[in-house]
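Peer 1: got a predicted model here, sequence first, then my questions.
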Amino acid sequence: MSEHKELRELIFEQVKSLKEKGYAHFDLIELGYFTEAEMLEMQDICLNYYYKYFTDRGIAREDIEIDINKTMTENPYFQQPRDSPMFKAMYGDISKAGNEYINCRNPANAMNCGMGRATSQKEVYYDSKLIEYMERLRQLYNALYRHPVKRHLTRFGLKLPHKSSKDMVAHADMSYCRDVKENGAPLKDADDPVCKAPYSKEYGENCNGQTKAPYSDGGISMRIQSVLGLSNSESGWYGYEGSHLKYDEIGEAIDWPGVKRAPQRVPIEVLENLGLKRVDIPTKLGRLILWNCGVIHGNSSCKNTKPRLVKYINYMPDTENTSADRIIGLGNQPNEEKKSNK
C-alpha cells in the first residue's frame, strides 16, 4: 500500500471515529507531518515562554526549570507561602487602574488544568514558528471537516505533577439550547467561539464540491477541538464516548442552560445515567487528540508522572480557507477586539 493511500485511509478512519465515538487520535511523527526534532523545538518554544513569564517577575530560572522527561512528585509552583516571591508571581495581578493585587482565582498556571496567564501570553498566540507548524495541518483539517477552515491563534497547556492533582472538571465547550433541540443550529461564523450544537443542520458543499449530509446524518462538525502532545505523560485527555450524540438527553438533564461564553460543566452522574463510558488517552510526543465540541471531556490528573505539555490547535469551518488575525477565545483566554479595516 502506498504511503498516500495509507494516509488517506487513516484519515477516513479518523472521520468515522469522530462521527461515531466523538474522538480520535493519531501520531503526527509516524505520519510524517513533523519530525521528532520539530516536535522538540515546539516543546522548547513553549517552555521558554513559560519560564520567561516567571523570570520577568523576579524568579530565577534555575529555581523553576523542570525536566520534562522526568517523573515528578512535586514542583516549585504550587502551595507556596503567601509572602514568597513565587506566590506573588503565581497570583499577582494588576488592576485596570494599575494597582497590584493578589488574585488567586486567576493564577499563572492552574493546578487542575495546566492553563493560566503563563500559558496564555499574547506572544504565544502570535509566535511565528508555532503558527508555521500549525499551518502544516490545514489540509488535515480540511479532510476532517470536509470543508474550508479558519486557523485560529492558540496557546499551550502545561500540567505539572503534584500530589493534590485532580482531573479537570468534566465539561463541554458548547452550549445546550432548547431552541437548537427543536430547530437545529446553522453553521456558525468562524469567528464566533460559542458552539450551540455538535453539528450544523445545514446542507452544503465541501471543498471538493460534494454535498454534505444533513444534520440528522452528522452534518458539518461545528468544531473539532484538538491538542498536540509535546511531552510523554500518563496525564492526558479523557472524554465520554458518544456524549456528542446525547445533546437532547444531556440538555434535559441540566435544564437547558442556554448560550454561555464559558465551558459548560456536566455532572458525571448525568453521563453515567446515560450509560456513557469514560475513555482516557495519555499524552505522547507527536500524538494529536481530536474530539467533537459536544464530547464531555477534560484533562486527567497529573500525579507521579512526567509533566503534560500540549499545544492547542483550533481550526473551524469557514466559507474559504482563512487565518485569524486576532485572538478569539473562551474562558481564561485573551479575547481581542476586531481589528479596524481603516
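Peer 2: Yep, it's here.
Peer 1: for the chain, longest helix please?
Peer 2: helix 36-55 (DSSP state H).
Peer 1: the helix or strand following that one - contacts with which helices or strands?
Peer 2: As assigned by DSSP states H and E, the chain's next helix or strand after helix 36-55 is helix 85-91. If contacts are counted by 3 or more CB pairs under 8 Å, 6 or more residues apart in numbering; DSSP states H and E, helix 85-91 sits against helix 36-55, strand 100-102. Quick note: C-beta positions are derived from backbone N, CA and C, even for glycine.
Peer 1: could these go into JSON lines alongside mean pLDDT and mean neighbour count?
Peer 2: Converted to JSON lines, the helices and strands packed on helix 85-91 look like this (pLDDT from 0 to 100; neighbours: other CB atoms under 10 Å):
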{"stretch": "helix 36-55", "mean pLDDT": "98", "mean neighbour count": "17"}
{"stretch": "strand 100-102", "mean pLDDT": "90", "mean neighbour count": "10"}
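Peer 1: count the neighbours of residue 72 for me.
Peer 2: The number of residues packed near residue 72 is 18, by other CB atoms under 10 Å.
Peer 1: what bridges to it?
Peer 2: residue 305 (DSSP bridges).
Peer 1: next up, the contacts around it.
Peer 2: Contact analysis of residue 72 by CB atoms under 8 Å, 6 or more residues apart in numbering lists 66, 160, 161, 304, 305, 306, 307.
Peer 1: surely residue 180 touches residue 198?
Peer 2: No - look at residue 180 against residue 198 with CB atoms under 8 Å: they stay out of range, at 9.9 Å.
Peer 1: and these two? which has more neighbours close in?
Peer 2: residue 198 (26 against 22).
Peer 1: what about that one, distance to residue 325?
Peer 2: 28 Å (CB to CB, to the nearest Å).
Peer 1: same check, this time on residue 276
Peer 2: 39 Å.
Peer 1: the more surrounded of these two?
Peer 2: residue 276 (22 against 10).
Peer 1: measure the more buried one to residue 297 for me?
Peer 2: 11 Å.
Peer 1: residues shared between the contacts of the two?
Peer 2: residue 240.
Peer 1: of the contacts of residue 72, closest to residue 151?
Peer 2: residue 307 (26.6 Å; CB to CB).
Peer 1: low-scoring stretches of the stretch 201-342 of the chain, by residue?
Peer 2: Along the stretch 201-342 of the chain, segments meeting pLDDT under 70 span 202-218, 330-332, 339-342.
Peer 1: where do the helices sit along it?
Peer 2: Taking DSSP state H, counting those that start in this stretch, the helices of the stretch 201-342 of the chain run over residues 247-253, 268-273.
Peer 1: check contacts around residue 255.
Peer 2: Contacts of residue 255 by CB under 8 Å, 6+ apart: none found.
Peer 1: these two touch, right, residue 197 and residue 223?
Peer 2: No - counting by CB under 8 Å, residue 197 does not reach residue 223; the two are 9.9 Å apart.
Peer 1: find the residues that touch each one of these two.
Peer 2: With CB under 8 Å, 6+ apart, residue 197 and residue 223 have common neighbours residue 174.
Peer 1: quick one on the thing from earlier: could the helices and strands packed on helix 85-91 go into a markdown table alongside distance to residue 87?
Peer 2: Output for the helices and strands packed on helix 85-91, formatted as a markdown table (distance: least, CB to CB, whole Å):
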| stretch | distance to residue 87 |
| --- | --- |
| helix 36-55 | 12 |
| strand 100-102 | 8 |
